[in-house]
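[1] Based on what follows, work out the 3D shape:
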Amino acid sequence: MSRSRHLFVVAATSALLTSCGGGSTQAPETIVPLVKAEAPPGGAPLRAPPLRAAASTELDAEIDALLDWAQNRFPDLFSGAAGSQTFEKYRYRHYPATGNYVGVAYGDIYVQGPAFAAHPQFVGTLHRYQCQAFPQSCNVPVLNVGEGRDAGCSQYQEQRTSSAVVTNNVWNPGPAGTFPYEQCLRVRDAAAGGLMNGWRWKWPASGTPGTVFSNPALVYGLKPWVAGSTTDPRLPARVGGLAEFKLSFDLEVGSNGVHNTVATLWLTRNHRTSTEPNSKEISTVVTVWAHDKGMSPAGTQVGVVSAGGLDFDVYYAPVIGDPAVQTWKYVAYRLRSGKEDVAVTLDLRALLADAVQRGFVSASEYVASAEIGNEIQSGSGYTWIRSHGLQLTSN
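    Residues are numbered from 1 along each chain as shown. Model (predicted):
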């Protein structure tokens, strides 16, 4: 075995085994048609797999950058390449000089050919090689977060306030691969006395489009995803019984990447709370986007609405989540006048009433929690919560 083949296959396989916690792996799905197309009846000429234009999407461009890196890093394995091709779910390149293939399907990297095996071998993910193939993504300029100090950097670090809880919520670090990410809760002295809460982050400069790494936030109530007790005795609250429901906040935000500033309401089918996570009770997530820096809500835009003197675009998806595990409805209200440093009062009762009128939410559902935070896709940044408040009364 050549040294370069050893580096590419063994190092990647070792990383895979480490991440899986053992030495057994599931056999990858065969992509034999990429190696040898079957001759049709009658002995007609073999046909090559269909081609499509290279880099037709941002993901194609990222895959092509990985394939370029593989060619340059391991020329004895991948030389004399044709252009990138696609076959079913795979984007790949064939190297006639060596007979080898390298391709990507759903972010997983496969190799195949004389130097490897007759069937595809899984050797890692795009993110596993992110720093090697895309060094610019690992050179993230860190913003000056100013005064203050870290109050904890663990994945689900929490810090209680008098009426809410601030959570680090690094719920999806896997796609960052080997990138040395950082995310911490912060505190600093407030001008009026006491402490101001916030958080800081550093993630790859160019994340995968649509992939959110984390969602640090200040939470009222109890999110169905976590165990514990509600921070606010007024929650859960039945949607149809809300007399007043307004969330106010004043944030100082700075970043050099892609993120949003979003209020999130987790709705459940009943009013029960539990000392154990009860995410199976989730029926709908309602998000109110106060600012979007390079991001867009999921779903389809279905209209516009005014609430509390503010104008919003309305988005809806009837199913979101993993169908094999759990799904729920998704509703988003995108503030048209949003900006990065935002001070606003959101009339959540009015927005929920609109969602009920559109048939997206039932009046019998319950608001389990209300939060304000950032969904982060790339870059570094910080948020300070200068003030916050929840006005909530039920009939």
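[2] give me every residue that touches the closest residue to S255 other than its chain neighbours.
    Among residues not flanking S255 along the chain, G381 sits closest, at 2.8 Å (CB to CB, 6 or more residues apart in numbering). Any C-beta I mention is one placed from the backbone N, CA and C, and that applies to glycine too. By CB atoms under 8 Å, 6 or more residues apart in numbering, the contact list for G381 reads L143, R200, W201, V253, G254, S255, N256, G257, H259, N374.
[3] Now intersect those residues with the strands, please.
    R200, W201, V253, G254, S255, H259 (DSSP state E).
[4] can you give me the helices for the stretch 201-350 of the chain?
    348-357 (DSSP state H, counting those that start in this stretch).
[5] For the residue nearest to L222 when sequence neighbours are not counted, give its distance to Q326.
    Take L222 and drop its neighbours on the chain: the residue closest to it by CB to CB, 6+ apart is T230, 4.2 Å away. Distance from T230 to Q326, counting by CB to CB, to the nearest Å: 22 Å.
[6] Could you do N197 as well?
    30 Å.
[7] swap in K339?
    With distances taken as CB to CB, K339 is found 34 Å from Q326.
[8] hmm, back to that, let me know how buried the residue nearest to L222 is, in neighbour terms.
    For T230, the tally of surrounding residues (other CB atoms under 10 Å) stands at 17.
[9] Show the pLDDT at it.
    Looking at T230, its pLDDT reads 91.
[10] Distance check, it against G103.
    Taken as CB to CB, the span from T230 to G103 is 49 Å.
[11] about what we covered before: list just the nearest of the ones in strands among the contacts of G381 to P209.
    Of all the ones in strands among the contacts of G381, P209 sits closest to H259, with 13.4 Å by CB to CB.
[12] which residues does the closest one contact?
    K293, G294, M295, N374, E375, I376, Q377, S378, G379, G381.
[13] Checking G193 next. Helix, strand or coil?
    coil (DSSP: H, G, I helix; E, B strand; the rest coil).
[14] Looking at N197 and Q326, which has the bigger crowd around it?
    Set side by side, N197 and Q326 give different neighbour counts by other CB under 10 Å, the larger being at N197 (24 against 11).
[15] hang on, isn't the more buried one packed against C184?
    No: between N197 and C184 there is no contact, the gap being 11.8 Å when judged by CB atoms under 8 Å.
[16] what residues are shared contacts of these two?
    A151.
[17] For P175, see how far away Y129 is.
    For Y129 relative to P175 (CB to CB), the value is 13 Å.
[18] For these two, work out which one has more neighbours and name it.
    Y129 (22 against 19).
[19] quick one: contacts for the residue nearest to the spatial centre of the chain?
    Ranked by distance to the mean C-alpha position of the chain (CA atoms, centre = their mean), the top residue is V212 at 1.7 Å. By CB under 8 Å, 6+ apart, V212 lies in contact with N172, E375, I376, Q377.
[20] Most neighbours out of the residues you listed, which is it?
    Most surrounded of these: other CB under 10 Å gives I376, at 30 neighbours.
[21] Let me know whether Y110 touches V102 as I believe.
    Yes: if you go by CB under 8 Å, Y110 and V102 touch, sitting 7.2 Å apart.
[22] joint contacts of the two?
    Common neighbours of Y110 and V102, using CB under 8 Å, 6+ apart, are Y92.
[23] Mind giving me the packing neighbours of the longest helix seen in the chain?
    Criterion DSSP state H: the longest helix present in the chain is helix 58-73. Counting contacts by 3 or more CB pairs under 8 Å, 6 or more residues apart in numbering; DSSP states H and E, helix 58-73 is packed against strand 90-95, strand 100-105, helix 130-133.
[24] Can you say which of the ones you listed is nearest to D322?
    Closest among the helices and strands packed on helix 58-73, using CB to CB: strand 100-105, at 18.2 Å.
[25] how far off helix 58-73 does that closest one point, in degrees?
    Angle, strand 100-105 to helix 58-73, by axes from the mean of the first three to the mean of the last three CA atoms, to 10 degrees: 150 degrees.
[26] for the following helix or strand past strand 100-105, packing partners?
    Where DSSP states H and E defines the elements, the next helix or strand beyond strand 100-105 is strand 108-113. Here strand 108-113 touches strand 90-95, strand 100-105, strand 117-125, going by 3+ CB pairs under 8 Å, 6+ apart.
[27] Pick out the shakiest of the ones you listed, pLDDT-wise.
    strand 117-125 (a mean of 84).
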